[in-house]
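Chemist: Here is the input, now give the coordinates:
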Amino acid sequence: MPIAASLSMKATKFTRVSFCMLAALCFLLLAACPRLTAQTANAGVVLGTVTDASGAVVPGVGVDLTNTATGITTHQTTNGKGQYLFPQVAPANYVLTFKADRFRTVTLQNVTVEVNKSFTGNVQMQVGEVNQTVEVRSTAQAELQTTDAQVGDVVSGEELEHLPTLQRSAIELRQLQPVTTPGNFDSGGTVAGARSDENTLTLDGIDISDSIVGGQGITEGQPASIENVQEFRTGVTNSNVTFGRAPGGQTTLVSRSGSNAFHGDAYWYTQNSAFNANTWDNNRSGIPEPELKDNRGGVSIGGPIIKDKTFFFANYEIHRFPQDVDFTDIVPTPSLKAGILQFPDATGTVRQYNLATSTACGAAGGQPCDPRGLGVSPTVQALWNLLPTGHNTSAGDGLNTIGYSGVASEPTKNDDVSFRLDHNFTSRLHFFGRYFYDRYLQPLNQLDIENGDDKAVGSAPSRNDGAYAGLDYQISPNMTDGFRFAWIRSRADELGQSALASATALNLAGTQSSVSNLLVGLQPSTTFLAVPIDNSEGNSRTQLLNGTTKEFVDNLFWTKGTHTITAGGDIHLLPFLLAHTDHNIATTSPVALIDNSGATGTITIPASTTPPACGGAVTTNCLLPADVAEWDSLYVGALGIVN
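Modeler: From the prediction side, this is the model:
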């Protein structure tokens, strides 16, 4: 019977444009507070009011914001209300300097700007000479957020380095936020009652959420290791208009950048099972302890290319995970391989039915179980003979089937490379660019247990790369614009071994198509037919998933009187191609797939080929009602009946 493999091709192109100008403008016009602005997904805000000793506001004060790591200074001037605003500030430590005629210069030290948060620096200037300086130190404290009502904490670089993470991924720490529930290491679980696929992740202002199934994780290969992320914040509720894609948690990450000083580090983390005890089940079955060696290492370096102007940061990280996995499959007993079915009757006596010679079938017995007198199919018998001898009596029925347990090697390899460049053309124009490459190699969960040579077949390689670019430009003292562009390519494949390829690998006598018919769509854990190579649909199919994402983001900040108007747009192009062998089955099921529930599909097993049913006066050489479904499954499996 020929195999009809279904190939499903899907190409989708989706564009999303979200503009927040109208909503932001209406909200600002109705607000009663003197100033309101929204932080963006990759920066913070520094704002405040300058007064004199009497409490009167001081307009025209020059305010300089200086990054202590890079020496870069941005300038603003207080307006008629004595207020100043730096709307697009990269997370870092800063110094604020206030200068005005007839007043002493004031410096505010230790200004810590965090991602997606505001810092309010109100100062009082004293009458004096401008060359006289009053130094004020900002102390570590919980900064009151006055610009929006978003709830969420920042996890800083120092915390990232010291908090425990199993996968060394910053996203793992998202579940430390309030009103979150645990989930997979890269999903963070649910946030404020929203599902995990309603979460949104942004990195350096670019949306890196899973483009196909939602923001469960960084599936586009974005390196987000502890060493690569400077800090992040998850807004769990009351998100502002900058975050409009999904109602779940809004996680904003900022990658590390260079400074005026060279910094570098090399690291290695390892977990090893050498001192672990084996499990009781493995010892009972004579299975050695599975290997587990989780090794992660890398190197980072950052510093200036041109002091106070151009900076870089680079990171290379590897992950080597030569793990073994436990498994248990159901295999035929020696008697079943010989075509002998065994079932207890109502007296508890185990009765044997050699399908080739037994005449114990029929409503009253005395009829041949196989009217052809052939018994077990030679092809099926050859297939079963490739299976190892079972040893796990806790699985299977103990008469016809038995468990086979073992360990199989499923090593994974991961390599991440990222490079970031920051350059200041002028004090008003800043550029940053970033490139990353990620390679993740792992086997599929498709096992080959032929002759006890337990190994994984198939592979699931994933290769991703991308480039970011951004420009922050202070158009005028009261207008700032931030532009971001990203190009991200994602290639995630699953290359399973098909039933046809499995038949070729097994090299059984007979035509390839007839052998493959016996392999198609069958799972080795079922009782009706065991096969050496797992050909279940999910593990044996081939799937190709490729996409190239392009994103354009722009945010404009305009200070007008006592208000700041924020307008922005986000164009997100999400074309992707999905192709896969949808079902590893033929047009109709080639073997009579009678499962343990008794479903027979298009095959009906006549009563004349089934032992009498136990009941009433019939207590010997009969079949218990609970065993009828398994008899049907093993019967068609052993005889190789094709529908």
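Chemist: Might you list the low-confidence residue ranges for the stretch 301-450 of the chain?
Modeler: For the stretch 301-450 of the chain, no stretch is flagged by pLDDT under 70.
Chemist: Can you list the low-confidence ranges for the stretch 501-643 of the chain?
Modeler: Regions of the stretch 501-643 of the chain meeting the criterion pLDDT under 70 cover residues 509-530, 537, 561-562, 582-603, 642-643.
Chemist: quick one: the strands in it?
Modeler: Secondary structure of the stretch 501-643 of the chain (DSSP state E, counting those that start in this stretch): strands located at 542-560, 563-573, 576-581.
Chemist: Return the distance of residue 334 relative to residue 401.
Modeler: The spacing between residue 334 and residue 401, counted by CB to CB, to the nearest Å, is 11 Å. For glycine as for every other residue, the C-beta is placed from the backbone atoms N, C-alpha and C.
Chemist: Kindly apply the preceding question to residue 117 instead.
Modeler: Residue 117 is 61 Å from residue 401, by CB to CB.
Chemist: what do you get for residue 330?
Modeler: From residue 330 to residue 401 the distance is 5 Å (CB to CB).
Chemist: rewinding a little: okay if I get the strands of the stretch 501-643 of the chain as CSV plus distance to residue 229 and mean neighbour count?
Modeler: Output for the strands of the stretch 501-643 of the chain, formatted as CSV (distance: least, CB to CB, whole Å; neighbours: other CB atoms under 10 Å):
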stretch, distance to residue 229, mean neighbour count
strand 542-560, 19, 18
strand 563-573, 22, 19
strand 576-581, 26, 16
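Chemist: I'd like those written out as JSON lines, with distance to residue 486 added.
Modeler: Below are the strands of the stretch 501-643 of the chain laid out as JSON lines (distance: least, CB to CB, whole Å):
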{"stretch": "strand 542-560", "distance to residue 486": "5"}
{"stretch": "strand 563-573", "distance to residue 486": "9"}
{"stretch": "strand 576-581", "distance to residue 486": "15"}
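Chemist: Out of the ones you listed, flag the one nearest residue 58.
Modeler: Judged by CB to CB, the one of these that comes nearest to residue 58 is strand 542-560, at 16.9 Å.
Chemist: Which strands or helices does the closest one pack on?
Modeler: strand 83-89, strand 206-207, strand 479-495, strand 563-573, strand 576-581 (3 or more CB pairs under 8 Å, 6 or more residues apart in numbering; DSSP states H and E).
Chemist: Just checking the distance from it to the centre of its chain.
Modeler: 19 Å (CA atoms, centre = their mean, to the nearest Å).
Chemist: what's near enough to touch residue 268?
Modeler: 295-297 (CB atoms under 8 Å, 6 or more residues apart in numbering).
Chemist: top of those residues by neighbour count?
Modeler: Within those, most neighbours by other CB atoms under 10 Å means residue 296, with 20 neighbours.
Chemist: Which residue lies closest in space to that residue, excluding its sequence neighbours?
Modeler: In space, and not counting its chain neighbours, residue 296 is closest to residue 269: 4.6 Å by CB to CB, 6 or more residues apart in numbering.
Chemist: ok, now how distant is that neighbour from residue 293?
Modeler: Computed with CB to CB, the distance linking residue 269 and residue 293 is 12 Å.
Chemist: Then residue 628?
Modeler: Residue 628 is 49 Å from residue 293, by CB to CB.
Chemist: cool, residue 192 as well?
Modeler: Distance from residue 192 to residue 293, counting by CB to CB: 38 Å.
Chemist: Between the two, tell me which one has more neighbours.
Modeler: Neighbour totals were compared for residue 192 and residue 293, and residue 192 leads with 20 against 15 (other CB under 10 Å).
Chemist: How much space separates the more buried one from residue 235?
Modeler: Taking CB to CB as the criterion, residue 192 is separated from residue 235 by 10 Å.
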